[in-house]
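Asks: Structure of the sequence below:
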Amino acid sequence: MKVTAVDVSFCQTNVDYNKVKADGIDTVIIRAGFGRETYQKDAQFEEHYRKAKAAGLKVGVYWFSYAYSVAEAKKEASACLYCLNGRKLDLPVFYDLELGSQTKLGKDTLTAMAVAFCECVKVHGYSAGVYASASWFTNYLNYEKLKKQYAIWLAQWKTGSPCRTCDIWQNSDSGKVNGINGSVDTDIVFNANYKGSSATTITTPKYSGIKAVQAWVGTTVDGIYGPDTKKKLIMKLQEELNRQFGMNLVVDGIYGVGTHNAIVVLSYGCRGNLTKVLQGLLICKGYDTNGFDGIYGVGTNSAVKSYQRTHCLNDDGIAGGNTFRSLCA
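Replies: Numbering: from 1, shown residues only. Purely as a prediction, here's the structure:
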């Protein structure tokens, strides 16, 4: 059995994938991110993906779970899909289940979470797999059920062979590979056909209206403007105010005094994610911005004025604190 794959994350930086390939590695599985929010994309994902592809390596990804329910697992899938942004993969999208505090949920719930995540990514043209340790597959997941539907990536170190049938075996957390500084997880691929591997062409759903907004903020894409979509939009607003202007707001999805006082006035000609948040709020309220593109053009200006008139605000087409407060109410 020969090691031909590695899995990497933010822990590995400045990787020389040409040297990695020359050392006998032909596959890399990259951590795309973790948790339920789109901003939790792995800090090194873009670089790993770009360099690995340029070197001619096969690429798969995994998403580290912090979910505690099926609903949260679905949100993690949405966040993962948002970060992937339709990229082509050669291996499945793996759901990484290993958090100790999740074990209290029990085998049935954890298995249901894995299924929920995997089915969500399959709907978007990717195939799916589950990553877990030998202990997890024995005690906390229904291994037999999962292996019938998805690729199995088993972690079991310091042993001569895996204890269960799997498609990929993570055999070490302390491997040494040329081109990677320090230790790295190494893997042995048993299924050369990559059971459950992603399609060579990914069809990314073309959303419009509220669904486009939901896909952007990383929440369930159902076309219904509810509390979670509003919360995610406000969180996106808070994130952008922090990122662009150093406001140090708590990103909690609550439009309070602090967020209101931090609002930056937007008007015709503005561009960027703050304008996109504004468009998202207007779209979710039923107003046509003639695009969800982050450009404060004629359509957005007209939508702002229309919203302001309807809600007894000064209809000047300038989106300041009063307009944002009304939209976020």
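Asks: Thr186 falls within a strand, correct?
Replies: Yes: under DSSP: H, G, I helix; E, B strand; the rest coil, Thr186 falls within a strand.
Asks: what pairs with it across the strands?
Replies: Val6, Ser172 (DSSP bridges).
Asks: cool, and Ile152?
Replies: Beta-bridge partners, per DSSP bridges, of Ile152: Val130.
Asks: so it touches Gly129, yeah?
Replies: Yes: using Cβ atoms under 8 Å, Ile152 is in contact with Gly129, at 6.6 Å. For every residue, glycine as well, the C-beta is placed using N, CA and C.
Asks: of these two, who's got more company?
Replies: In terms of neighbours (other Cβ atoms under 10 Å), Gly129 is the more surrounded of Ile152 and Gly129; the figures are 32 against 25.
Asks: excluding its backbone neighbours, what's nearest that one?
Replies: Nearest non-adjacent residue to Gly129, counting by Cβ to Cβ, 6 or more residues apart in numbering: Ala151, 3.2 Å away.
Asks: so how far is Ala128 from the one you found?
Replies: 7 Å (Cβ to Cβ, to the nearest Å).
Asks: Also Gly209?
Replies: For Gly209, the distance to Ala128 - Cβ to Cβ - is 28 Å.
Asks: Please identify which of those two sits among more neighbours.
Replies: Ala128 (23 against 14).
Asks: residues contacting the more buried one?
Replies: Contacts for Ala128 (Cβ atoms under 8 Å, 6 or more residues apart in numbering) come out as Pro92, Val93, Phe94, Tyr95, Phe117, Cys118, Glu119, Val121, Lys122, Tyr150, Ala151, Gly196.
Asks: what bits of the stretch 151-300 of the chain have low per-residue confidence?
Replies: Low-confidence segments of the stretch 151-300 of the chain, defined by pLDDT under 70: 194-206.
Asks: if we can go back for a sec, so what sits against both of Ile152 and Gly129?
Replies: With Cβ under 8 Å, 6+ apart, Ile152 and Gly129 have common neighbours Asp167, Ile168.
Asks: Please report how far Trp153 lies from Ile30.
Replies: Distance from Trp153 to Ile30, by Cβ to Cβ: 13 Å.
Asks: How about Ser267?
Replies: 40 Å.
Asks: Between these two, which is the more surrounded one?
Replies: Higher neighbour count among Ser267 and Ile30: Ile30, with 24 against 15, using other Cβ under 10 Å.
Asks: Touching both of Trp153 and Ile30, which residues are there?
Replies: Joint contacts of Trp153 and Ile30 (Cβ under 8 Å, 6+ apart) are Tyr62.
Asks: Trp258 touches Asp252, doesn't it?
Replies: I think there's a mix-up here, since residue 258 is Gly and not Trp. No: Gly258 is beyond contact range of Asp252, at 9.9 Å (criterion: Cβ under 8 Å).
Asks: And the strands in the stretch 1-150 of the chain?
Replies: 5-8, 27-34, 58-64, 93-96, 128-133 (DSSP state E, counting those that start in this stretch).
Asks: Quick one: residues in contact with the second one.
Replies: Looking back up the chat, that one is strand 27-34. By Cβ under 8 Å, 6+ apart, strand 27-34 touches 4-10, 17, 20, 40-42, 45, 48-49, 52, 57-66, 79-80, 83-84, 90-91, 93-94, 96, 153, 168, 187, 189.
Asks: Can you say which of those are buried?
Replies: The neighbour-count criterion (16 or more other Cβ atoms under 10 Å) marks 4-9, 17, 20, 40-42, 45, 48-49, 52, 57-65, 79-80, 83-84, 90-91, 93-94, 96, 153, 168, 187, 189 among the contacts of strand 27-34 as buried.
Asks: Helices of the stretch 151-300 of the chain, start to end?
Replies: In the stretch 151-300 of the chain, the helices defined using DSSP state H, counting those that start in this stretch lie at 209-217, 227-245, 257-262, 273-284, 298-310.
Asks: Restrict the third one to CA atoms and write it as PDB.
Replies: It refers to helix 257-262. Output of helix 257-262 as PDB, limited to C-alpha atoms (Å, rounded to 0.1, in the frame of the first residue of the first chain):
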ATOM      1  CA  VAL A 257     -27.700  50.800  18.300                       C
ATOM      2  CA  GLY A 258     -24.100  49.900  17.600                       C
ATOM      3  CA  THR A 259     -24.800  48.700  14.000                       C
ATOM      4  CA  HIS A 260     -27.100  51.700  13.400                       C
ATOM      5  CA  ASN A 261     -24.400  54.100  14.400                       C
ATOM      6  CA  ALA A 262     -21.800  52.400  12.300                       C
END
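Asks: Which strands and helices lie in contact with it?
Replies: Judged by 3 or more Cβ pairs under 8 Å, 6 or more residues apart in numbering; DSSP states H and E, the packing partners of helix 257-262 are helix 227-245, helix 321-327.
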